[in-house]
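Undergrad: Next one to model:
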Amino acid sequence: MPQLLAFPALRDNLIWALVDGTGGALVIDPGELTPLLPALEAGLRPLAILLTHHHADHVGAALALAEASGAALFGPEDRRLPEAVQALSAGRHALPGDWAVEVLAVPGHTRSHLAFHIGDHLFSGDTLFSLGCGRLFEGQPAQMLDALDRLAALPASTRVCCGHEYTLANARFAAAVEADNPARTAWVAEAERRLASGRPSLPSTIGIERAANPFLRVDAPGIRQSLAAKDLAADDRLEAFTALRAWKDVFA
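TA: Have a look, this model is predicted:
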């Protein structure tokens, strides 16, 4: 079974790596090189670098890491990415090191955003966060809702490796939206324990997110009641999701 490593970077980003028994690794969204240097010096060997989307905090060190390691670059088809990035389409791909990767097209945060499902790990970039989802910078609510529905359909044990450490910040909004949710309470307590020990709160799991993430629970009665109390239209799932995302955008 591959080893999962998380490298805090920049303000609140997380760079992820899946490492095989020989030190060969997939590195996901290297926004900064410095956090990776100790692992590289200790023998981490990037074989492929995967990019979920074009934002600088996810790709800032991609070229430098590729040049230093010889790893190939893969990501969405997007002219805003470096020319060296090999475009991946949705579907299954075999990448260097015999890694089998299921690529999921998940537009919403950006129009070309990808997620990577590798074994029992989901690298969701800025689409699915623990207890939240990404802002809609380029896509439409219907696209993001469809993307989240497809991610939520993955096995419950799938480990959710998000692009940012937002768990506790998102928990405040989740509590405002659905006050009584024991699954969220338990997950927040675990996240706080991990953070207190100096570790990231992540990964979460799809099972946890189904039970606790309001953006995967737009049909929950408590969430619909909260939207109605704020006079936000929620006659169907898409309206509910759109209203929920708009509320989160202004939540303080």
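Undergrad: And the helices in the stretch 151-252 of the chain?
TA: Counting by DSSP state H, counting those that start in this stretch, the stretch 151-252 of the chain forms helices over residues 167-177, 182-196, 206-212, 221-229, 237-250, given from the N-terminal end onward.
Undergrad: so how far is the shortest one off the chain centroid?
TA: Yep, that's helix 206-212 we're talking about. Relative to the mean C-alpha coordinate of its chain, helix 206-212 is positioned 14 Å out (Cα atoms, centre = their mean, to the nearest Å).
Undergrad: any idea of the mean pLDDT for it?
TA: Per-region confidence: helix 206-212 scores 98 on mean pLDDT.
Undergrad: Mind giving me the packing neighbours of it?
TA: For helix 206-212, the packing partners by 3 or more Cβ pairs under 8 Å, 6 or more residues apart in numbering; DSSP states H and E come out as helix 141-152, strand 159-162, helix 182-196. C-beta coordinates here come from the backbone N, C-alpha and C atoms, glycine included.
Undergrad: quick one: contacts of that helix?
TA: Helix 206-212 is contacted from outside by 122, 128, 130-131, 151-152, 154-158, 160, 174, 181, 183-184, 187, 216-217, using Cβ atoms under 8 Å, 6 or more residues apart in numbering.
Undergrad: And for the residue nearest to Gly132 when sequence neighbours are not counted, the neighbour number?
TA: Of all residues not flanking Gly132 in the chain, Asn170 sits nearest, at 3.6 Å (Cβ to Cβ, 6 or more residues apart in numbering). Asn170 sits with 25 neighbouring residues when counted by other Cβ atoms under 10 Å.
Undergrad: Output the below-cut-off pLDDT ranges for the protein.
TA: Screening the chain residue by residue with the criterion pLDDT under 70, one finds no matching range.
Undergrad: Would you list the buried entries among the contacts of helix 206-212?
TA: With neighbours counted using 16 or more other Cβ atoms under 10 Å, the contacts of helix 206-212 contain these buried positions: 122, 128, 130-131, 151-152, 154, 158, 160, 174, 181, 184, 187, 216-217.
Undergrad: quick one: which two of those are the most distant?
TA: Farthest pair in the buried ones among the contacts of helix 206-212 (Cβ to Cβ) is Leu122 and Asn181. Separation: 21.8 Å.
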